[in-house]
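Trainee: 3D model of this:
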Amino acid sequence: MKNLKKLELHVHLDGSIRPTTISELLNISLEKANKLAMVSQKTNSLKEYLDKFDIPLKIMQTKDNLTRVATELAEDLQKDNVIYAEIRFAPNKHLEQGLTLDEVIISILKGLRKVPIKTNLILCMMRGDSFAKNLDVIKYAKKYLGQGVVGIDLAGNEAAYPVNDYKDLFLLAKKEGIPFTIHAGEADGTLSIINAINLGAKRIGHGVRAIENKEASNLIKEKDITLEVCPKSNLDTNIYNKLEEHPIKKLFDDKIKVTINTDNRTVSNITLNETYKELKTTFNFTDEDLITMNKYAIECAFLSELEKQEVLDLLIK
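Mentor: Alright, predicted model coming up:
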């Protein structure tokens, strides 16, 4: 699996900070850092899982720290033989010590550019944030579009904040020509997937609960939607009890375009290599199947057609 070239379209920066870095910057033991940042056993809900982001966010409040964690994530992706990644984060979460949104975005891009793999950023609007805060995300995505930022997302506690609450924001993003993906069909049911697609999302973060509803799965195929599937975190948030129950193989066999992602490398204590290995062992995916899923990732990546061809050439050469 290490030799297989890969893409990752759904990985959160704040959920992927090395525990050693947390230990060093907070001056705590590695054991404590692991306990604070990782899910040690299955949580009861997505909300409980999201609580693990509190500690990483404490250290992601300075330019140097933001640059460092971005560089380290890019290095970790490189170790997984990732040839292209779209890394997402919520810029408004990093302003507690006086940074501006410009400084946050520039510091992270600076870190990513220190590592010779192709990466871009997706800026996350957050469920529960004010309209004004989320509007800022759209404004800054527009400002940096094509300069290291490629789109926006809506993340956070799905069940408490339905997709349609953010309809006006996505209408604006669409008007501004900003590509977007939406977290849906994870903690919330299939209606969230249908609503996200109807708002114009071409990709769905997770979306695995489409398996529960024929209308949702048919709409995904009809509209040529791609799912950013993150198997390990779906287990950690208690959607499924064990990997054997995960629907990724059924979705793939049903000709739904699925891609393989880690979501949060540290919180879920997983790498992309490990994810591929577990999926291959559990579901007997062939190497050709895995390459097909990476081709799906290229097709739906927030890249120009020329860039997509360049990444495809890297994948298959």
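Trainee: Show me which helix or strand of this structure is least confident by mean pLDDT.
Mentor: In the chain, no helix or strand scores lower on mean pLDDT, DSSP states H and E than helix 46-50, which sits at a mean of 72.
Trainee: Chain neighbours aside, what residue packs nearest to Phe170?
Mentor: Spatially, and ignoring its direct neighbours in sequence, Phe170 is nearest to Leu199 (4.6 Å; Cβ to Cβ, 6 or more residues apart in numbering). C-beta coordinates here come from the backbone N, C-alpha and C atoms, glycine included.
Trainee: Let me fix that, I meant to ask about Met38.
Mentor: Once flanking residues are discounted, Met38 sits nearest to Asn269: 4.9 Å by Cβ to Cβ, 6+ apart.
Trainee: cool, and Asn294?
Mentor: Excluding the flanking residues, the one nearest Asn294 by Cβ to Cβ, 6+ apart is Leu7, at 5.3 Å.
Trainee: Show the contacting residues for the one you found.
Mentor: Going by Cβ atoms under 8 Å, 6 or more residues apart in numbering, Leu7 touches 82-85, 259, 294, 297-298, 301, 311, 315.
Trainee: Kindly recompute the last result at 6 Å.
Mentor: Contacts for Leu7 (Cβ atoms under 6 Å, 6 or more residues apart in numbering) come out as 84, 294, 297.
Trainee: Which one of those sits in the busiest neighbourhood?
Mentor: Using other Cβ atoms under 10 Å as the neighbour test, those are led by Ala297, with 28 neighbours.
Trainee: End to end on stretch 201-219, go ahead and measure it.
Mentor: End-to-end span of stretch 201-219 (Cα to Cα, to the nearest Å): 12 Å.
Trainee: which residues sit against it?
Mentor: 10, 180-186, 189-190, 193-194, 196-197, 220, 226-228, 247, 250, 300.
Trainee: So which of those sit within helices?
Mentor: Using DSSP state H, the members of those that fall in helices are 190, 193-194, 196-197, 220, 250, 300.
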